[in-house]
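Trainee: curious how this folds, go ahead:
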Amino acid sequence: MKRYRFLLLCAAAVLLLVAPVRASEGFGDVTDGDWFAHAVAFCRERGLMRGTGGGLFSPGETVTRAAAVTALWRLDGAPAAKATETFDDVADGAWYAPAVSWAVSKGVAKGCGERFCAAEALTREQLATFLWRLAGSPAASGGGAYADAGSVAPYAADAVRWATGAGIMNGVGGGRFAPAATATRAQLAVVLTNYVQHMEGGSTMTQAARGFTAFDAALLDFLDGEGLSRENYAVSPTSLRAALALAAAGADTETKAQLIRAMGFDSMDAVDAWYGTVRAHVDAFAQELDAARERFTLEKAYLPDSAQTPDRAFSIANSVWHNADMPGAMNPAYIEAVGERYGASAADVPAARLTGAVNDWVSRETRGLIPRIADDLSTVDAALVNTLYLRTSWVNAFSKWATADGDFTTLDGARVQKPFMQRQESCLYYEDADCQLVALPMEGGISAVFVLGNAGALTEKLNRASWEEVVVRLPRFELETSLERRELVRFLLSQGAELPFSAVPGAADFSVMSRDADWFISDIIQKSKIKVDEDGIEAAAVTAILMKATSALIDDPPKPKEFNADRPFSFGLFAGTGAARELLFYGQLVR
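Mentor: Below is the predicted model:
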């Protein structure tokens, strides 16, 4: 069934909502004109390849056999595999050890006697062979007639014919395939992208080009798979990421690395840089509000008596809590670090008062929209909590007298009554065979973009939108969601973050957070609420990461366009534009 997307996109600019996404964004040595730029962006987003450090991708660097099987292991979902062979050059703790075990057990790669030759350069014919075996050793069809075809090793002959025939691999020029030449990281990225295109079909457009980051897309897809695709729900990727930043800051060794990777980053510096962009959106909103209030004061004498002082809010807050009745304590250096980097407050509270203290803080930071995050926190050792709050109004408010009940067709085809707001105004509008979208300005430099239909290639569609007279008809609605059945734990486990959730003593390493307690993440809870009405939008989210000790369990005017959201839609609240665009909230209304 075609999935309907109805997006509410909050951006820092009204006219320039979304900047074109650059395929090369993120690496200083990859530019948009490079023949491998799109492939690098795709592989980075899918988690198949990462940078080499210092903001570089190193496209001309030779690929080792270890790096190649690791990329293919990630492509296969990074499954756990028991080692069927041991190799002298593959230590148990090596970063590529799980991938080597998988590759050998699956028959994708073989060793070189007692060694795997992990550090040796990968040849092009080896790359073709690895991919061919991963695909199930399919029969070759066609294949390039290369002048050096006779120099392909016998074991790789069928694989090279298959890879070239399928368009997964091409020659190097001069009518040559160069089977014994070493493969570069740029070549590997292109070949992996071609392989995914061939095996999975469809577009390899990055999620960023669709309007979501890889983390956002993975989270939404996971929740769909958890059964929420047929329910009304809301979620905040930003709040989850911010809470995870508090956890990652207190983690060390592989526990820290797994959390950072699960968040979609490659270093703690990248996590901090991301949080800085979120903070910048909040600060810009506050500056615009200050300016609006100053203008109101200066112009008050000329305004009607009904005019009111501008009142809106956008905030993000963090706090870390320790149960004073539990053994151990938070490391003062950790408390100082999260205070400086994320503005987090810290408190040491007895078990009897911990639940009330945390809930009071949550209610205060969300202006009462979410009055509590948990019923009982007395048994947890520590809690890391984030809140996100947004309240702003339409530039041109919907008139309450124009709101009237109407039919909304649910995902199941049933018709239910909902109150529909309606107004006509000149705004940015786009439509094609797949979708309609409209952009409505909001106070504080925010713009709300609603999309009915397929929201793919959102950036391109927004760039092609034009100013039109539009009759906009939207339901007034509220959504409230509690993710408290370990959905977010299962999501992060699916992203490879296993150690942070291990109750095995010594497995999870949160030694930066506490030097004298052996903690692990026992649960993650998020509550979200969003209200859309004639006045504007109010939204809030709270994410709590709960820590326990490892011993615990865990002319005539033209006819205006019409935009009628009377069928299932999804929505998102975004801040920023282009690469800085941040998905604050996401949800859907289908019933």
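Trainee: is it fair to say residue 472 lies in a strand?
Mentor: Yes - according to DSSP: H, G, I helix; E, B strand; the rest coil, residue 472 belongs to a strand.
Trainee: tell me the phi and psi of the nearest residue to it once chain neighbours are set aside?
Mentor: Nearest residue to residue 472 in three dimensions, chain neighbours excluded: residue 563, at 4.9 Å (Cβ to Cβ, 6 or more residues apart in numbering). Backbone N, C-alpha and C define where each C-beta goes, glycine included. Torsion angles at residue 563 (phi, psi; degrees, to the nearest 10) stand at phi -130, psi 110.
Trainee: hang on, isn't residue 563 packed against residue 469?
Mentor: No - under the criterion of Cβ atoms under 8 Å, residue 563 is not in contact with residue 469, lying 11.4 Å apart.
Trainee: which one's more surrounded, these two?
Mentor: residue 563 (21 against 14; other Cβ atoms under 10 Å).
Trainee: same for the helix or strand where residue 276 lies, what does it pack against?
Mentor: Using DSSP states H and E, residue 276 falls within helix 268-299. Helices and strands touching helix 268-299, by 3 or more Cβ pairs under 8 Å, 6 or more residues apart in numbering; DSSP states H and E, are helix 237-249, helix 253-262, strand 313-323, helix 332-342, strand 582-589.
Trainee: closest to residue 99 out of the ones you listed?
Mentor: helix 253-262 (14.2 Å; Cβ to Cβ).
Trainee: can you give me the angle the closest one makes with helix 237-249?
Mentor: Calculated by axes from the mean of the first three to the mean of the last three Cα atoms, to 10 degrees, helix 253-262 forms an angle of 160 degrees with helix 237-249.
Trainee: returning to what we had before: make CSV from the helices and strands packed on helix 268-299 and add mean neighbour count, mean pLDDT and distance to residue 219 to it.
Mentor: Converted to CSV, those look like this (neighbours: other Cβ atoms under 10 Å; pLDDT from 0 to 100; distance: least, Cβ to Cβ, whole Å):
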stretch, mean neighbour count, mean pLDDT, distance to residue 219
helix 237-249, 26, 96, 5
helix 253-262, 20, 94, 10
strand 313-323, 22, 96, 18
helix 332-342, 16, 96, 20
strand 582-589, 25, 74, 8
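Trainee: residue 181 is nearest to which of the ones you listed?
Mentor: Of all those, it is helix 253-262 that lies closest to residue 181, at 31.3 Å by Cβ to Cβ.
Trainee: and that closest one, what does it pack onto?
Mentor: By 3+ Cβ pairs under 8 Å, 6+ apart, helix 253-262 packs against helix 237-249, helix 268-299.
Trainee: would you turn those helices into TSV with distance to residue 131?
Mentor: As requested, the helices and strands packed on helix 253-262 are arranged in TSV below (distance: least, Cβ to Cβ, whole Å):
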stretch	distance to residue 131
helix 237-249	33
helix 268-299	30
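Trainee: so what's residue 407 up against?
Mentor: Residue 407 makes contact with 415, 416, 417, 566, according to Cβ atoms under 8 Å, 6 or more residues apart in numbering.
Trainee: does the third one touch residue 408 like I think?
Mentor: Yes - under the criterion of Cβ under 8 Å, residue 417 makes contact with residue 408 at 7.4 Å.
Trainee: these two: who's more crowded?
Mentor: Set residue 417 next to residue 408 and count neighbours by other Cβ under 10 Å: residue 408 wins out with 23 against 10.
Trainee: are we agreed that the more buried one is in a strand?
Mentor: Yes - the assignment for residue 408 by three-state DSSP puts it in a strand.
Trainee: beta-bridge partners for it, please?
Mentor: residue 416 (DSSP bridges).
Trainee: I figured it hits residue 414, correct?
Mentor: No - judged on Cβ under 8 Å, residue 408 makes no contact with residue 414 at a distance of 9.2 Å.
Trainee: I appreciate the help and will end here.
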